[in-house]
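> The amino acid sequence is not available; the structure is as follows:
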């Protein structure tokens, strides 16, 4: 049985959206499910995830457990076969420092992300209302446009 990591992310953050886009492009086995916190159906489908807390720190759900911050990032990149990219962030000597830095960047991600996007074009600007519904039985996106643009579509609704 394939284990799915559900990531609850800020779809209005250009840097967050860029990372999710890169993650999905590397997800050859469809083990990542993305949920935009700004999706209108988010509160209905995920009542166990607090919007305000998830906006402060990245949330993920894997094997019935909630993961936070860099633990989500590490699990996601590991599942798509690129764990070595982020493995140093989990090394004992670096873990506390990297998690502290993450919390600072996460706190200021909106102004930082918008500045980098508007100034340097770094990031992905996507409408937070764009959603893709996923059928877990067929493991396909229900909307043909989402199936054709999976690597570009990063604002997934509940699957």
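Cool, the structure landed. Note that the structure is a prediction, hence the values are computed from the model and not measured.

> how about the helices in this structure?
14-26, 42-45, 51-56, 70-79, 92-107, 109-120, 144-148 (DSSP state H).

> Out of those helices, flag the one nearest residue 36.
helix 42-45 (7.1 Å; C-beta to C-beta). No exception for glycine: its C-beta is placed from N, CA and C like everyone else's.

> any weak-confidence spans in this protein?
1-2, 125-159 (pLDDT under 70).

> can you redo the helices of the chain as JSON lines with mean neighbour count?
Formatted as JSON lines, the helices of the chain follow (neighbours: other C-beta atoms under 10 Å):
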{"stretch": "helix 14-26", "mean neighbour count": "20"}
{"stretch": "helix 42-45", "mean neighbour count": "14"}
{"stretch": "helix 51-56", "mean neighbour count": "15"}
{"stretch": "helix 70-79", "mean neighbour count": "21"}
{"stretch": "helix 92-107", "mean neighbour count": "13"}
{"stretch": "helix 109-120", "mean neighbour count": "15"}
{"stretch": "helix 144-148", "mean neighbour count": "13"}
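
> Any chance of the ones you listed in a markdown table with distance to residue 63 as columns?
Shown next, in a markdown table, are these (distance: least, C-beta to C-beta, whole Å):
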| stretch | distance to residue 63 |
| --- | --- |
| helix 14-26 | 18 |
| helix 42-45 | 19 |
| helix 51-56 | 19 |
| helix 70-79 | 10 |
| helix 92-107 | 21 |
| helix 109-120 | 27 |
| helix 144-148 | 26 |
